[in-house]
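Asks: Sequence and computational prediction follow.
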Amino acid sequence: MKIHFIAIGGSAMHNLAIALKEKGYRVSGSDDIIFEPSKSRLKHHGLLPVEYGWFPEKVTHDLDAIILGMHAKPDNPELLKAQELGVTIYSYPEFLYEQSKDKTRVVIGGSHGKTTITSMILHVLHYHDREVDYMVGAQLAGFDNMVHLTEENDFILLEGDEYLSSPIDRRPKFHLYHPQIALISGIAWDHINVFTTYEDYVEQFEIFANSISPGGILVYNEEDAEVKRIAEAAVGPTRKHGYVTPKFTVDNGETLLETPEGPMPISVFGRHNLNNLAGAKWICQHMGIDEDDFYEAIASFEGASKRLEKIGETASNIAFKDFAHSPSKVKATTDAVKDQYPGRKLIACLELHTYSSLNAGFLKQYKGTLDAAEEAVVFYSPEALEIKKLAPVSKEQIASAFDREDLIIYTRPEDFKEYLFGLKPKNTAILLMSSGNYGGLDFDEVKHIL
């Protein structure tokens with residue numbers, strides 16, 4: 001098949017393009033800007049566009065399909081040409097469904113935790129040499145590409161994102177997969193630029209739960225009241241399995257998971273990650289991995305990229321970065337680091353970077369999220385507000401929303417970097433939370449301050 005990608009540089013899009021080339025497809029693509037690591041990875045596979053921009057002449061009758069990314073606009077010149085010619089157009093979730101119609105589809109959904117759970121499952125399957133197709137949203141050690149598609153594998157494991165599918169398809173991605181096995185990890189209002197009310201956001205998960213194929217299985221976090229309500233009301237799945245956070249202890253910075261064979265040290269930590277682990281165990285069992293084999297494999301799981309990732313450590317100090325940006329995840333991550341290192345001073349830094357986090361009406365959701373930290377810092381860029389066409393947010397609004405009198409607030413990247421690299425930590429844990437990079441911070445440099 002001959003496939004053309006419009007907006008090939010996206011995180012999921014470039015991985016799918018590479019996977020299709022490896023499967024033997026003829027792949028081309030366009031984009032108006034491509035960042036690292038997508039740029040280098042596309043170049044390595046011979047897929048980097050020669051020139052940035054949109055070129056309608058690339059869209060011809062001999063294409064079997066167009067795959068359209070969210071970065072494109074509805075008036076994209078290549079998209080308009082494809083519509084004019086009648087070329088078949090897919091969003092990437094639509095295309096993944098087409099590729100997996102004859103497989104058992106396993107979809108991991110939830111406002112938070114879905115990347116970690118998907119990565120845990122994939123790690124366990126890989127450890128036991130179980131071959132599956134997959135799509136996961138973060139880089140994982142031991143895997144070259146985060147999309148893998150074959151003709152022969154029986155299962156496909158998909159991270160189920162609730163964001164929109166494409167500029168011309170306003171359905172959430174996870175509504176398109178129709179899984180036989182599904183998981184919902186938790187619900188916390190997000191993407192308020194699309195789902196303007198909490199009720200509208202929750203409804204997307206209700207639809208997902210009822211999109212499970214007849215005779216299917218729903219695994220759900222019963223500690224989340226909203227998830228439990230949705231799971232119990234769902235009529236799609238035939239079998240339902242709730243899970244809770246397993247028992248564990250923390251001893252001198254090491255988490256010990258209680259198992260039938262006794263306490264077992266694991267690399268991930270925090271109640272939210274132990275809860276994720278419980279969900280991953282249920283899914284693995286439905287995919288043919290028994291409990292003992294799961295524990296053997298999960299002991300060596302060190303986490304997905306940017307999810308509580310250790311970026312430096314000395315005898316007395318440690319630093320982590322995390323993708324956390326939603327209020328529930330910020331609180332869970334901050335609490336987890338403090339619980340893991342109760343004897344150390346915790347400095348928690350948060351960048352408000354997403355549309356939701358920079359919305360003045362949404363800010364109050366962050367109240368108390370950094371309370372576990374002895375020192376709390378918030379960074380945001382007024383320029384980001386202008387780019388997203390949002391109303392200005394003042395430092396006073398930030399301080400009031402977090403309800404913390406000693407909150408340190410920065411709006412200029414150079415001021416935040418001066419603060420960070422001026423620290424003289426002693427017996428300290430530093431946590432950097434962001435879906436961005438604090439206006440150009442090189443996270444690898446942070447280890448030099450420890």
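Replies: Received it, and whenever you're ready, just let me know what you need. Keep in mind it's a predicted model, so treat the numbers as computed, not measured.
Asks: all helices for the stretch 351-450 of the chain, in order.
Replies: For the stretch 351-450 of the chain, the helices defined by DSSP state H, counting those that start in this stretch occupy 382-387, 395-402, 413-421.
Asks: Turn these into JSON lines, including distance to Ser328, mean pLDDT and mean neighbour count.
Replies: To be clear about C-beta, it is placed using only N, CA and C from the backbone, and glycine gets the same treatment. Output for the helices of the stretch 351-450 of the chain, formatted as JSON lines (distance: least, Cβ to Cβ, whole Å; pLDDT from 0 to 100; neighbours: other Cβ atoms under 10 Å):
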{"stretch": "helix 382-387", "distance to Ser328": "22", "mean pLDDT": "80", "mean neighbour count": "14"}
{"stretch": "helix 395-402", "distance to Ser328": "15", "mean pLDDT": "92", "mean neighbour count": "16"}
{"stretch": "helix 413-421", "distance to Ser328": "24", "mean pLDDT": "96", "mean neighbour count": "16"}
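Asks: CSV please, covering those helices and showing distance to Thr249.
Replies: Converted to CSV, the helices of the stretch 351-450 of the chain look like this (distance: least, Cβ to Cβ, whole Å):
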stretch, distance to Thr249
helix 382-387, 41
helix 395-402, 31
helix 413-421, 32
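Asks: Out of those, flag the one nearest Arg171.
Replies: Ranking the helices of the stretch 351-450 of the chain by proximity to Arg171 (Cβ to Cβ) places helix 382-387 first, at 26.3 Å.
Asks: Need the contact partners of the closest one.
Replies: By Cβ atoms under 8 Å, 6 or more residues apart in numbering, the surrounding residues in contact with helix 382-387 are His353, Leu358, Ala391, Pro392, Val393, Thr411.
Asks: ok, the first one - how many residues close by?
Replies: Number of residues near His353 (other Cβ atoms under 10 Å) recorded here: 21.
Asks: Same question for the fifth one.
Replies: Number of residues near Val393 (other Cβ under 10 Å) recorded here: 20.
Asks: State the distance from it to Tyr177.
Replies: Going from Val393 to Tyr177 by Cβ to Cβ, to the nearest Å gives 36 Å.
Asks: circling back: how about the helices of the stretch 351-450 of the chain, which one is nearest Lys367?
Replies: The closest of the helices of the stretch 351-450 of the chain to Lys367 is helix 395-402. By Cβ to Cβ, the value is 6.4 Å.
Asks: And the closest one, what does it pack against?
Replies: Packed against helix 395-402 by the contact rule (3 or more Cβ pairs under 8 Å, 6 or more residues apart in numbering; DSSP states H and E) you find strand 375-380, strand 408-410.
Asks: Point out the other helices and strands that the shortest one packs with.
Replies: Contacts defined by 3+ Cβ pairs under 8 Å, 6+ apart place strand 408-410 against strand 375-380, helix 395-402, helix 413-421.
Asks: mind running it again at 7 Å?
Replies: On a contact count with 3 or more Cβ pairs under 7 Å, 6 or more residues apart in numbering; DSSP states H and E, strand 408-410 meets strand 375-380, helix 395-402.
Asks: And the last one, how far out from the chain middle?
Replies: The gap between where helix 395-402 is centred and where its chain is centred comes out at 27 Å by Cα atoms, centre = their mean, to the nearest Å.
Asks: Pull it out as CSV, backbone CA atoms only.
Replies: C-alpha atoms of helix 395-402 as CSV (Å, rounded to 0.1, in the frame of the first residue of the first chain):
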residue,chain,number,x,y,z
LYS,A,395,0.8,35.8,39.8
GLU,A,396,-1.9,36.7,42.4
GLN,A,397,-4.4,34.4,40.6
ILE,A,398,-1.8,31.6,40.7
ALA,A,399,-1.0,32.1,44.3
SER,A,400,-4.7,32.2,45.2
ALA,A,401,-5.5,29.0,43.2
PHE,A,402,-2.8,26.9,44.9
